[in-house]
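> Any chance you can model this:
(2 chains)
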Amino acid sequence: MSEVVKKFMYLNRKAPYGTIYAWEALEVVLIGAAFDQDVSVMFLDDGVFQLTKGQDTKAIGMKNFSPTFRTLGDYEVKKIYVDRASLEARGLTEDDLVEIAWEDFETEEEIENIVEVVDSARVSELMNESDAIFSF
Amino acid sequence: MSDTIEVDGKQFAVDEEGYLANLNDWVPGVANVMAAQDNLELTDEHWDIINFLREYYEEYQIAPAVRVLTKAVGKKLGKDKGNSKYLYSLFPYGPAKQACRFAGLPKPTGCV
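Down below sits the predicted model:
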């Protein structure tokens, strides 16, 4: 395993259903977690809908994969960011989003919710800090 | 390889790697038949893991990768069980792959 840890950001800009992007992005994050990099996931534009609570996909005949986001903490993803402006433009608030817990089983360090709503300046800053951005 | 397995006189469809085609078809007998094909006899310790995986899938809609499984088992069933040595002793073909197959789940995300 390489000693060099890079900052990977997965950028999600599309609504959860209707295209395969959101599910594919999530699978890439879960698979990529095996590589021990510094991973963050950013939700922007319609991508913020991916994290909303109470999704029901029965009528469209697709698998509801929103519960899978709650495993991200288990997969060592410690940072999940949501763009505040994108939420507000869609009439959503932080309360509409799922909470994702993180826990280190060794040290028993716990973070109750790793989902962080950030403003546009911080979004730019986080993107600039990343070594690689995977946009979906 | 046939693409069905027989459990209690009923045929169950499986994919080319032996994973159950339809998650909802699963009955405990499926695990017993699959284990017998792999020359394993299931004990309570095996069932702890199989049931754990089914609960994990129910809650998160995915089969966990092996290291996530290891950590999660450690948390739920105790540290002495949350290590790959213990899990490989139960499921020699790989705890995530083999146990998920017995549990009727798809192949874990990230497994090749």
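> which stretch of helix or strand covers A:Gly91?
Using DSSP states H and E, A:Gly91 maps to neither a helix nor a strand.
> Chain B contacts on chain A?
Within reach of chain B by CB under 8 Å from any CB of the partner chain, chain A has these residues: A:27, A:30-31, A:33-34, A:63-65, A:67-68, A:70-71, A:74-75, A:103, A:105. Bear in mind the C-beta positions are built from the backbone N, C-alpha and C, glycine included.
> low pLDDT regions in chain A?
A:1-2 (pLDDT under 70).
> Would the helix or strand of chain B with the lowest mean pLDDT count as contacting chain A?
Within chain B, no helix or strand scores below helix B:66-77, which has a mean of 87 by mean pLDDT, DSSP states H and E. Yes - judged by CB under 8 Å from any CB, helix B:66-77 comes into contact with chain A through B:Arg67, B:Val68, B:Lys71, B:Ala72, B:Gly74, B:Lys75.
> For that helix, output the C-alpha coordinates as CSV.
Output of helix B:66-77 as CSV, limited to C-alpha atoms (Å, rounded to 0.1, in the frame of the first residue of the first chain):
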residue,chain,number,x,y,z
VAL,B,66,-14.9,-7.6,4.2
ARG,B,67,-13.2,-5.0,6.3
VAL,B,68,-16.4,-3.2,7.1
LEU,B,69,-17.9,-6.6,7.9
THR,B,70,-15.0,-7.3,10.3
LYS,B,71,-15.4,-4.0,12.1
ALA,B,72,-19.2,-4.2,12.3
VAL,B,73,-19.1,-7.8,13.6
GLY,B,74,-16.6,-6.7,16.3
LYS,B,75,-19.0,-4.1,17.4
LYS,B,76,-22.1,-6.3,17.4
LEU,B,77,-20.7,-9.7,18.4
